[in-house]
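Peer 1: what follows is a protein structure lacking sequence information:
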């Protein structure tokens with residue numbers, strides 16, 4: 001209905017015929033035939049209503065995703081607190097080892113790394129995240 005070219009894509013759900021209406025006739029019919037005007041405005045209104053419903057669904061889904069994301073972050077932070085509580089403290093490591101270093105760098109919040117030390121029967125046991133190294137150090 002305006003002088004700019006339009007690109008229209010459609011996919012019919014059933015066998016259909018497409019009858020293009022020239023812009024000049026469409027504008028004329030819009031003024032001359034109220035039923036044509038109501039038909040065209042109804043098409044626009046239906047499409048607008050559909051877009052509003054889709055937008056409302058997207059907003060609701062985004063709100064749900066945000067809630068779930070916050071719950072996941074809270075769980076990960078809780079896991080970080082547990083992990084920090086289980087890891088040996090610096091003083092304990094200094095007590096067991098004269099010369100040592102640790103490299104503990106979580107990717108984001110929590111790390112997959114885990115190390116453990118334990119003093120048992122005058123021996124220090126040390127294990128890494130997977131238990132591959134368990135050393136009897138004393």
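Peer 2: On my side now, so go ahead. Small disclaimer: the values here were computed from a predicted structure and weren't measured.
Peer 1: ok, residue 128 - contacts?
Peer 2: 113-115 (CB atoms under 8 Å, 6 or more residues apart in numbering). Glycine gets a C-beta too; all of them are placed from N, C-alpha and C.
Peer 1: of these, just say which sits nearest to residue 13.
Peer 2: residue 113 (55.6 Å; CB to CB).
Peer 1: I'd assumed residue 104 was in contact with that closest one.
Peer 2: Yes - Residue 113 lies in contact with residue 104 (CB atoms under 8 Å); the separation is 6.0 Å.
Peer 1: those two: which has the busier surroundings?
Peer 2: residue 113 (16 against 11; other CB atoms under 10 Å).
Peer 1: SS state for the more buried one?
Peer 2: State at residue 113, reduced to three classes by DSSP: H, G, I helix; E, B strand; the rest coil: coil.
Peer 1: angles on the backbone of it, please.
Peer 2: phi -80, psi 150 (degrees, to the nearest 10).
Peer 1: same thing with residue 120?
Peer 2: phi -150, psi 130.
Peer 1: just give me the neighbour total for it.
Peer 2: Residues near residue 120, counting by other CB under 10 Å: 9.
Peer 1: that one and residue 86, how far apart?
Peer 2: For residue 120, the distance to residue 86 equals 17 Å [CB to CB, to the nearest Å].
Peer 1: and what of residue 54?
Peer 2: Residue 54 is 47 Å from residue 86, by CB to CB.
Peer 1: next one: residue 115
Peer 2: In terms of CB to CB, residue 115 sits 10 Å off from residue 86.
Peer 1: okay, those two: which has more neighbours?
Peer 2: Neighbours were counted for residue 115 and for residue 86 using other CB under 10 Å; residue 115 has more, 16 against 10.
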